[in-house]
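Coordinates only, no sequence provided:
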Ligand code: ISE
């Protein structure tokens, strides 16, 4: 039975603890850390854990901790991930991998120096059944050569201190990772457009945003990122190919028909929409560790690439111009994708 330590007892740390405690075989939560003791105590009590730390570094050093989930604030991700690499412990780090492309690259290079993959970045959509099916059919040539990808990422609302850049770095970053994965190629340019803002957004927040990504093989990906959409948590993805289109459907389980109308439920939150993806991500991660296999899911390189593309998009948001993405060369730093 693998012992898992969870750093961070906020929304994501709690979500991972619940899933690990209730639904993932082969692992148990053995320690929780958070700078706020009462948060760590709440999560620990919920999953029946006695060991609590204030400092994530102490959790990482605990010999009963075989693997680590990092769900603490983004500014702590680099030091905690590097400490896991130093300890030789597999680590699932929630997105973003680090607060900048440069910091993410330091993690890529530290892992490359180890000669084995220990890092998984928490881009959980790669484990969502809908996206997995979409990629399988794309790879099988179901729509021929892909040309365009249309995405929408709509949150009903976000916390009040969300700023315009976070619409890219915290929200649209999922489309950056998932389209790189679906298309198996890098994004080389970003251009951000902003329509008139919704009156539902706080003053000054440029919401929604329309982001155009260009890929190394000349495809275009358009992403509508809208974080005060109000009506629900609605994620769209359609790939347009030379021989057809393939679209992600909402995971509704029933269609309600009454009074001459049909209704499909729309999720309210991202944990609700992607609960199965989080479960599959954690189960795949634990199973790979148990079997001594390479870490699954998004790699440190993927976390670095997502950060570099995010920085280019933020620069375009600020300047109004297209911005090229600057990436280190994969061959020079890491083999695994
Ligand atoms: C949040 O951090 C997530 O990762 C969600 O998946 C995303 O939909 C939301 O916009 C982010 O704030």
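In hand now; what should we look at? Bear in mind the structure is a predicted one, so any value in this text is a computation, not a measurement. Numbering: from 1, shown residues only.

nearest spatial neighbour of the closest residue to the ligand within the stretch 51-200 of the chain, skipping sequence neighbours?
Residue nearest to the ligand within the stretch 51-200 of the chain (Cβ to the nearest ligand atom): residue 171, separated by 3.5 Å. Bear in mind the C-beta positions are built from the backbone N, C-alpha and C, glycine included. Leaving aside its sequence neighbours, residue 171 sits nearest to residue 225 (Cβ to Cβ, 6 or more residues apart in numbering; 5.2 Å).

Ok, residue 96 next?
In space, residue 96 is closest to residue 74, 5.4 Å off (Cβ to Cβ, 6+ apart).

That neighbour contacts residue 98, doesn't it?
Yes: the criterion here is Cβ atoms under 8 Å, and residue 74 meets it with residue 98 at 7.2 Å.

So for these two, which residue has more residues nearby?
Neighbours were counted for residue 74 and for residue 98 using other Cβ atoms under 10 Å; residue 98 has more, 26 against 18.

Does that one touch residue 77 like I think?
Yes: using Cβ under 8 Å, residue 98 is in contact with residue 77, at 5.1 Å.

quick one on the thing from earlier: tell me who's in contact with the residue nearest to residue 96.
With contacts defined as Cβ atoms under 8 Å, 6 or more residues apart in numbering, the neighbours of residue 74 are 96, 98, 99.

what about 10 Å?
Listed by Cβ atoms under 10 Å, 6 or more residues apart in numbering, the contact partners of residue 74 are 93, 94, 95, 96, 97, 98, 99, 100, 103, 169, 170.

Now, these that are in strands?
residue 93 (DSSP state E).

Mind jotting down where the strands sit in the stretch 201-337 of the chain?
Per DSSP state E, counting those that start in this stretch, the stretch 201-337 of the chain carries strands over the ranges 209-215, 220-226, 234-241, 244-247, 255-258, 261-264, 323-324.

and the chain, which residues reach the ligand?
Within the chain, the positions adjacent to the ligand are 155, 158, 170, 171, 174, 270 by Cβ under 6 Å from any ligand atom.

Recalculate using a threshold of 8 Å.
Along the chain, the residues adjacent to the ligand under the rule Cβ under 8 Å from any ligand atom are 12, 95, 124, 153, 155, 158, 162, 166-167, 170-171, 173-174, 227, 233, 235, 270, 274.

Show the residue spans covered by the strands in the stretch 51-200 of the chain.
Ranges of strands in the stretch 51-200 of the chain, per DSSP E, counting those that start in this stretch, are 51-53, 67-70, 91-93, 119-121, 146-154, 187-193.

List just the one of the ones you listed that sits closest to residue 290.
strand 67-70 (9.9 Å; Cβ to Cβ).

Identify the neighbouring strands of the closest one in the sheet and state each direction.
strand 2-7 (parallel), strand 91-93 (parallel) (DSSP bridges).

what's near enough to touch the spatially most central residue of the chain?
Centrality entry for the chain: nearest residue to the mean C-alpha point is residue 123, 2.6 Å, by Cα atoms, centre = their mean. Each residue near residue 123 by Cβ under 10 Å, 6+ apart is listed here: 94-97, 173-174, 176-178, 180-181, 277, 281, 297-299, 302-303, 306.

do the same with residue 15
Here residue 15 is in contact with 69, 71, 94, 270, 271, 274, 275, 278, 282 (Cβ under 10 Å, 6+ apart).

Verify the contact between the first one and residue 121 for me.
No: the pair residue 69 / residue 121 is not scored as a contact, 11.8 Å apart, by Cβ atoms under 10 Å.

what about these two, which has more around it?
The neighbour comparison of residue 69 against residue 121 (other Cβ under 10 Å) goes to residue 121, with 31 against 27.

what pLDDT does that one get?
pLDDT for residue 121: 98.

quick one: contacts for it?
70, 77, 81, 91-98, 104, 107, 177, 295, 297-304, 306-307.

Just list whatever residues bridge to it.
With DSSP bridges as the rule, residue 121 is bridged to residue 93, residue 298.

Touching both of residue 98 and residue 77, which residues are there?
104, 107, 121, 303.

so what's the first one up against?
Which is residue 104. Residue 104 is in contact with 77-78, 81, 96-98, 121, 300-308, counting by Cβ under 10 Å, 6+ apart.
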